[in-house]
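In: 3D, please:
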Amino acid sequence: MSDTPDPVVERNSSETVASFQHNDRGLLHKVQHFLHRYPTMVPVIVLVLSLIAFGLIAPNFFSAFNLSLIMQQVAVVGTLAAAQSLVVLTAGIDLSVGAVMVMISVIMGRLSIDFGVPVPIAILLGLGCGMLTGWLNGFLVTRLKLPPFITTLGTWNIFLALNYYLSGRETIRSQTLDSEAPLLKLFGERFNLGGAVLTWGVVLMLLVFGVLWYALNKTAWGRRVYAVGDDPEAAALAGIQTNRVLMSVYMVAGFICALAAWSSIGRVGSVSPTSFFESNLESITAVVIGGISLFGGRGSIMGPLIGALIVGVFNSGLRLAGVDVLWQLFATGWLIIVAVAVDQWIRKISS
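Out: Coordinates of the predicted model:
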């Protein structure tokens, strides 16, 4: 009897292996294309898994008080992340958003308390100054053709110095605001909603993201922002005035930073020149975890909102579980690395 293997069996076996490999590659590509088409699904999945995990290991995690506290804690950084997202969508980055926010809060406070400017006018002037900072960043990027990273690193130092100069490194205390400018603390006021205690700052954050979602998905301006971020040369050839789009993005981002400044006064309860000193990195963290590509042109504006919530959930869950703050930072660092790795994987396979 011959020891030669049956060729039919060999053929069937190789066909089976080939079929398996083909199906495996097909599944991988389907997952990749799904995530490429819906990049927000990555942070959504992470958020859901985080909620389930911390709900199992952390006591009282799903209490209305704790969940509403998470929303309150991310309100300011989430609003700031909305501004950062616009710039990142154009393949840029704004390192000055945190300094702008704190400086504008100082301007609003000093105008109201030290110069006797009516509070509504002081707020409007603060919002205007926010747009002016965005105009400066946009001018340096579009007219002088400076890289956004270097440009905003420079303006971060400028705005930080102005912040210390205008404030005199002094804090306007809560009692002073209560008696002379209570409107500045509007977004720190709380209200009950179905057993949860929220602040108007949370409402502001959700409103900002809602308006930006509509603008980016339902208007010509939004389509131009994505086009400029994806390929500025192709956008210019298509007739899009790329410099004008970039200028508008930076000015809108500056306006949102000013809104975040107003919200931050309510959150802290005072006007402090040293508050939210880590907000730059926190806003970038929310954007990256939220699935907006650092290469521009891809991602949903709702992603950074989910990214901010993920960081808030991680910090709250680890704290309730008794984990040291050191390991909270450790976990956040890995979240950033994994988020960037997933983005790179999606871009690589898509090409």
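In: got a list of what residue 208 touches?
Out: 79, 82, 256, 259 (Cβ atoms under 8 Å, 6 or more residues apart in numbering). Every residue, glycine included, has its C-beta placed from N, CA and C.
In: do the same with residue 90
Out: Going by Cβ under 8 Å, 6+ apart, residue 90 touches 225, 228-229, 245-246, 249, 296.
In: Let me have those residues in CSV, extended by secondary structure.
Out: Converted to CSV, the contacts of residue 90 look like this (DSSP: H, G, I helix; E, B strand; the rest coil):
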residue, secondary structure
225, helix
228, helix
229, helix
245, helix
246, helix
249, helix
296, coil
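In: any idea which helix or strand carries residue 340?
Out: Here residue 340 sits within helix 325-350, counting by DSSP states H and E.
In: Please compute how far that helix lies from its chain's middle.
Out: 15 Å (Cα atoms, centre = their mean, to the nearest Å).
In: Restricted to helices, list the contacts of residue 208.
Out: 79, 82, 256, 259 (DSSP state H).
In: The second one: neighbouring residues, count only.
Out: Applying other Cβ atoms under 10 Å, we find 29 residues neighbouring residue 82.
In: list the contacts for it?
Out: So residue 82 contacts 205, 208-209, 212, 256, 301, 304-305 (Cβ under 8 Å, 6+ apart).
In: Among these, name the ones in helices.
Out: Here DSSP H is the test, and the contacts of residue 82 give 205, 208-209, 212, 256, 304-305 as lying in helices.
In: how far away is residue 27 from residue 338?
Out: 21 Å (Cβ to Cβ, to the nearest Å).
In: Looking at the two, which is more packed in?
Out: When neighbours are counted by other Cβ under 10 Å, residue 27 and residue 338 differ, and residue 338 comes out ahead with 14 against 10.
In: Please enumerate the helices of the protein.
Out: Using DSSP H, the helices of the chain run over 7-37, 41-57, 64-89, 97-113, 119-142, 148-167, 174-180, 200-218, 220-230, 232-237, 242-268, 279-289, 302-320, 325-350.
In: Please work out which of those is packed deepest.
Out: Greatest average neighbour count among the helices of the chain goes to helix 97-113 (a mean of 27), per mean count of other Cβ atoms under 10 Å.
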